[in-house]
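Trainee: what follows is a predicted structure for the sequence shown.
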Amino acid sequence: MMVKIDWKTLPAGALLGMAVVGIGASLMPLEAAHAQPAAALRALPDFTDLVEQVGPSVVNIRTTEKVPARGGANGMDEEMQDFLRRFGIPVPNVPPQQRPRQGGEEAQPRGVGSGFILTSDGFVMTNAHVVEDATEVIVTLTDKREFKARIMGADKRSDVAVVKIDATGLPAVKIGDVGRLKAGEWVMAIGSPFGLENSVTAGIVSAKQRDTGDFLPLIQTDVAINPGNSGGPLINMRGEVVGINSQIYSRSGGYMGISFAIPIDEAIRVSEQLRTSGRVSRGRIGVQIEQVGKDIAESIGLGKSQGALVRSVEAGSPAEKAGIEAGDVITKFDGKPIEKTADLPRLVGNTKPGTKSTITVFRRGASRDLSISVAEMEPDQPVKADAGKGEKPAVSSAGEQLGLVVTALTEDQRKELRLRGGVVVDSAVDAAARAGLREGDVIVAIANTTVSNVKEFEAVLARIDKTK
């Protein structure tokens, strides 16, 4: 039945009333009316079946660590005793049987995290930071059974850890295909935020391949993740684990709408090494790299911003032996393109040490292929401070119009950086600073022309096009 409405005589507020009783349901903008059929087909998902399916595979992880015992002679913390004495308050006596033993260590709760059952025979995956420095790991299942777990291995670089409990017939998770994951897809997390076990949150995939880790492109979501969720699974609508909840972006310490998960395919690759050897072996070639900006790409004739710019080459490294030089742009590794700087350490890191690989570099306007033997990654080494040994290198202010003041490399610096020459940036302001130059950088070439010393730096600078 058609209802005719006289808009001129309609009382104020009547439209709201019609909406409440349902009459206004037929009144909508034309665009919304056309969009209604498609929108009606998209209902919000129901996660109840997923929770029943995956929930039993998610575990709570509690850890403790041993710390030096700090009790005083009367059973009170020594700092508290000092506080009382400072204000003239008598220190209470404690019966001998209540006094803690002096020296030694005592176990203290360290934290609470989450994990999930990887195999039915008791292997559990979690984050490395959940079990870091733990002397005891307790895994609690959803049926309230508790097990003391053994740490099989933890990898800080990927933040993946594997622990083992003595149990069989456990409900293991299903592993999903991260390649099928799409931005906008619904996902769910189960974990123990703030110690609240089996908490379920949901959201969508915000982005993939976020460059926030050294070796792993992370999955960004808007699923609510808080302290205690770490190590729990990120689950797709098929009930498959596609990631490990690992990080949040926060200025307050709590969830602010952005969370990150480790892709499960990368985590499985790491876990397999941890289960077999307790450690992860990664490849390295021995270069320090940075992003290739648009200005740099245009100035060296690369065309577009791609690849990894080599800042320095380590002495005796595979890169040095292969002939890679500072100023080279690495564009491919084993035929795989390097679109951004983070691609190179991931490709090299996933290469088995000892492998013979081909690396493509762009140098002085041309590409060339170099053969390189990948070495095994070593623990991070602290950067050595440059002593300088009292030398007084030549200073140049020829680049002041660009905001640059440079000095010649000392002999010690050349040896340390394995460079044939170059000039050190003493000061970078104005245009130089805007271009990304910083104090301590070493300039080895300008406009594809090698600069070995201050004299060559000034000569090249004098003849470049000042409008570029």
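Mentor: That came through fine.

Trainee: so, low pLDDT: which residues of the stretch 1-150 of the chain?
Mentor: Scanning the stretch 1-150 of the chain for pLDDT under 70 picks out the ranges 1-42, 67-107.

Trainee: do that again at 90, thanks
Mentor: 1-45, 64-111, 133-134 (pLDDT under 90).

Trainee: OK, contacts around Val112?
Mentor: 60-63, 192, 194-195, 228 (C-beta atoms under 8 Å, 6 or more residues apart in numbering). C-beta here means a position set from N, CA and C on the backbone, and glycine is covered the same way.

Trainee: so which of those are in strands?
Mentor: Among the contacts of Val112, the members found in strands (DSSP state E) are 60-63.

Trainee: drop anything exposed from the contacts of Val112.
Mentor: By neighbour count, with 16 or more other C-beta atoms under 10 Å, the contacts of Val112 hold 60-63, 192, 228 as buried.

Trainee: got these as a markdown table, with distance to Leu118 columns?
Mentor: Output for the buried ones among the contacts of Val112, formatted as a markdown table (distance: C-beta to C-beta, whole Å):
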| residue | distance to Leu118 |
| --- | --- |
| Asn60 | 16 |
| Ile61 | 13 |
| Arg62 | 19 |
| Thr63 | 19 |
| Ser192 | 18 |
| Gly228 | 20 |
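
Trainee: of these, closest to His129?
Mentor: His129 has its nearest neighbour among the buried ones among the contacts of Val112 in Thr63, at 10.5 Å by C-beta to C-beta.

Trainee: ok, and the closest non-adjacent residue to that closest one?
Mentor: In this structure, Thr63 finds its nearest non-sequential neighbour in Ala134, 3.7 Å apart by C-beta to C-beta, 6 or more residues apart in numbering.

Trainee: neighbours of the one you found, how many?
Mentor: Neighbour count of Ala134, defined by other C-beta atoms under 10 Å: 22.

Trainee: spell out the secondary structure type for it.
Mentor: Per DSSP: H, G, I helix; E, B strand; the rest coil, the secondary structure class of Ala134 is coil.

Trainee: surely it touches Ile61?
Mentor: No - Ala134 is not in contact with Ile61 according to C-beta atoms under 8 Å; the separation is 9.1 Å.

Trainee: hang on, the earlier thing: how about the contacts made by the residue nearest to Thr63?
Mentor: Residues in contact with Ala134, defined by C-beta under 8 Å, 6+ apart, are 63-65, 110, 151.

Trainee: Leu309 and Gly436, how far apart?
Mentor: Distance, Leu309 to Gly436, by C-beta to C-beta, to the nearest Å: 11 Å.

Trainee: if you count surrounding residues, which of the two has more?
Mentor: A count of neighbours by other C-beta under 10 Å puts Leu309 above the other of Leu309 and Gly436, at 22 against 13.

Trainee: name the SS class of the more buried one, please.
Mentor: Going by three-state DSSP: Leu309 is strand.
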